[in-house]
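>>> quick one, what's the 3D model for this:
(one chain, ligands or ions: 1)
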Amino acid sequence: MAASASTPPPPPGKIHVFWHEGMLAHDTGNGVFDTGEDPGFLDVLEKHPENSDRVRNMVSILKKGPISPFITWHSGRSALLSELLSFHCPEYINELVEADRQGGKALCSGTFLNPGSWDAALLAAGTALSAMKYVLDGHAEIAYALVRPPGHHAQPTQADGYCFLNNAGLAVHLALNSGCAKVAVIDIDVHYGNGTAEGFYQSDKVLTISLHMNHGSWGPSHPQNGSIDELGEGEGFGYNLNIPLPNGSGDKAYGYAMTELVVPAIERFEPDMLVLVIGQDSSAFDPNGRQCLTMEGYREIGKMVSSLANRCSGGRLLIVQEGGYHVTYSAYCLHATLEGVLDLLLPLLSDPIACYPEDESFSVEVIETIKKYQKDNVPFMKGA
Ligand SMILES: [Zn+2]
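Got it, this is the predicted structure:
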């Protein structure tokens with residue numbers, strides 16, 4: 001139902017944010033972008049893109065920005081090693097524990113477990129679990145796990161793309177083990193949520209949907225392509241839907257993909273829990289992405305997902321933080337996403353820098369092609 005001018009604002013504290021400042025201790029170092037390398041001829045070496053500054057701004061904009069009255073804060077916690085085994089294999093967890101004991105290790109390209117990193121990773125995983133539990137226990141409908149290091153590239157057996165533990169995947173297992181029959185995950189980070197997809201690739205209980213730029217495989221730590229034909233296996237066939245969008249896709253293209261592909265799939269799947277995996281690296285200004293979302297696009301996605309949750313999962317929605325590397329704009333886009341989730345009548349915060357033009361015609365063509373492919377190949381979407 002559309003809100004009218006007389007609709008009172010949602011009650012304060014509607015979004016429950018789970019956070020722990022111990023996650024700031026993960027120090028990814030300096031170098032040429034994310035390589036950790038000093039070529040010897042640059043006077044200024046920048047921070048690794050997955051640095052604590054980006055998250056400090058996300059915390060502060062939610063504490064001091066205009067959305068602050070709508071937010072209730074909760075402390076996160078460390079995950080127990082035993083809790084990690086719902087998603088990860090014991091050999092991989094032992095590798096991480098051993099790497100930490102030995103003072104650190106570069107696990108794969110750009111992914112450095114340094115002193116302090118393992119404790120931060122355990123906090124990220126535990127904080128995501130606490131946020132999910134809060135919703136499962138009926139204390140709130142909407143929780144947001146503001147966590148780093150990120151998780152959606154972490155696979156059951158290996159690290160990838162700045163990620164060690166799959167925070168969202170662990171939360172999904174907690175939901176399944178707590179009586180949820182079906183969970184749906186919508187991942188709008190600019191990169192393919194390959195770790196989450198891999199973890200549930202053979203399951204028909206978890207529908208994983210990822211919208212991402214068409215970056216393909218990026219090496220042995222990320223063998224998945226994120227292409228439309230990676231549909232899942234066995235019982236899970238059809239329950240991993242990839243939506244690789246052309247570079248330059250922006251607000252209109254993402255809105256079209258949500259309307260044409262994501263919403264119909266979630267409605268057919270009928271989950272009893274919805275997880276929104278967010279990365280602000282799909283924004284127009286991110287150094288790690290080539291997509292063009294602005295605050296307005298993020299706000300619309302937030303609205304659509306909130307409306308889906310209201311229709312499908314009794315309003316229950318867990319939001320999990322992933323990437324987003326522009327230190328300022330990521331915070332603004334997070335603010336806009338949560339404004340959308342609150343379904344506010346008017347924006348609370350205007351966009352300080354959006355100016356990128358968008359030509360959505362090619363993206364729309366690609367989305368139509370994906371739609372036809374899914375109708376022909378995905379059993380539960382046939383005839384949609
Ligand atoms: Zn990303």
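
>>> contacts, neighbours, all on C-alpha from now
Fine.

>>> pull up the residues of the stretch 101-250 of the chain that are close to the ion.
Proximity of the stretch 101-250 of the chain to the ion is confined to Asp189, Val190, His191 under the rule Cα under 5 Å from the ion.

>>> buried among those? Need that as a selection in PyMOL.
Selecting only the buried entries of those in PyMOL, with 16 or more other Cα atoms under 10 Å as the criterion:
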select buried, resi 189+190+191
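
>>> number of nearby residues for Gly179?
Neighbour count for Gly179, taken as other Cα atoms under 10 Å: 10.

>>> how much space between Asn94 and Val32?
Distance, Asn94 to Val32, by Cα to Cα, to the nearest Å: 30 Å.

>>> give me the more crowded residue out of these two.
Counted by other Cα under 10 Å, Asn94 and Val32 do not tie: Val32 has more neighbours, with 16 against 12.

>>> spatially nearest residue to Leu81, not counting backbone neighbours?
The shortest distance from Leu81 to any non-neighbouring residue, by Cα to Cα, 6 or more residues apart in numbering, is to Ile93 (7.8 Å).

>>> can you tell me the element that neighbour falls in?
Using DSSP states H and E, Ile93 falls within helix 90-101.

>>> can you check Val366 too?
With elements taken from DSSP H and E, the one containing Val366 is helix 361-377.

>>> give the rounded mean pLDDT of that helix.
Per-residue pLDDT over helix 361-377 has a mean of 96.

>>> could you do stretch 26-35 as well?
The average pLDDT within stretch 26-35 is 97.

>>> quick one: end-to-end length of that stretch, please.
16 Å.

>>> would you mind pulling the contact partners of that stretch?
Contact with stretch 26-35 is made by 36-39, 45-52, 109-110, 112-118, 120-121, 149, as judged by Cα atoms under 8 Å, 6 or more residues apart in numbering.

>>> so of those, which ones are in helices?
The helices, defined by DSSP state H, take in Ser52, Ser117, Trp118, Ala120, Ala121 from the contacts of stretch 26-35.

>>> count the neighbours of the residue lying closest to the third one once chain neighbours are set aside for me.
Leaving out its chain neighbours, the residue that sits closest to Trp118 by Cα to Cα, 6+ apart is Asp100, at 6.3 Å. The tally of other residues near Asp100 (other Cα under 10 Å) stands at 18.

>>> residue contacts, Asp100?
So Asp100 contacts Leu113, Asn114, Pro115, Ser117, Trp118 (Cα under 8 Å, 6+ apart).

>>> quick check: it vs Asp343, distance?
Taken as Cα to Cα, the span from Asp100 to Asp343 is 43 Å.

>>> got the confidence number for the most far-flung residue of the chain relative to its centre?
Distance from the centre of the chain peaks at Phe41, with 35.9 Å (Cα atoms, centre = their mean). Per-residue pLDDT puts Phe41 at 98.

>>> next one: Lys382
Looking at Lys382, the pLDDT reads 88.

>>> show me the strands in this structure, by range?
Secondary structure of the chain, counting by DSSP state E: strands at 15-19, 30-31, 46-47, 71-75, 105-108, 111-113, 142-145, 183-187, 206-213, 240-245, 273-278, 317-321.

>>> report the angle between the fourth one and strand 15-19.
On the basis of axes from the mean of the first three to the mean of the last three Cα atoms, to 10 degrees, strand 71-75 is oriented at 30 degrees to strand 15-19.

>>> name the residues that touch strand 71-75?
Applying Cα under 8 Å, 6+ apart, the contact partners of strand 71-75 are Pro12, Gly13, Lys14, Ile15, His16, Val17, Phe18, Trp19, His20, Leu62, Thr127.

>>> parallel or antiparallel, list what pairs with it.
Using DSSP bridges, the strands paired with strand 71-75 are strand 15-19 (parallel).

>>> likewise for the second one?
Sheet pairing here is set by DSSP bridges, and for strand 30-31 it gives strand 46-47 (antiparallel).

>>> I'd like the average pLDDT over the partner strand.
Strand 46-47 comes out at a mean pLDDT of 97.

>>> contacts only, for whichever residue of the stretch 51-200 of the chain sits closest to the ion.
The nearest approach of the stretch 51-200 of the chain to the ion comes at His191, 4.4 Å away (Cα to the ion). By Cα under 8 Å, 6+ apart, His191 lies in contact with Leu211, His212, Met213, His215, Gly289.

>>> let me know the pLDDT of it.
Checking the pLDDT column for His191, the value is 98.

>>> ditto for Glu358
88.

>>> so who does it touch?
Contacts for Glu358 (Cα under 8 Å, 6+ apart) come out as Gly248, Ser249, Gly250, Lys252, Cys292.

>>> can you say which two of these are spatially most distant?
Pairwise distances across the contacts of Glu358 peak at 10.8 Å for Gly248 and Lys252 (criterion: Cα to Cα).

>>> so what's the most centrally placed residue in the chain bridging to?
Centroid-nearest residue in the chain, with Cα atoms, centre = their mean: Val277, separated by 2.5 Å. For Val277, the beta-bridge partners are Asp187, Val320 (DSSP bridges).

>>> tell me the predicted confidence for Met1.
40.

>>> ok, now which ones touch Arg148?
Contacts of Arg148 by Cα under 8 Å, 6+ apart are Met23, Leu24, Val55, Ala120, Ala121, Ala124, Gln321, Glu322.

>>> re the thing from before, how about the helix holding Val366, which residues are buried there?
Ser363, Val364, Val366, Ile367, Glu368, Ile370, Lys371, Gln374.
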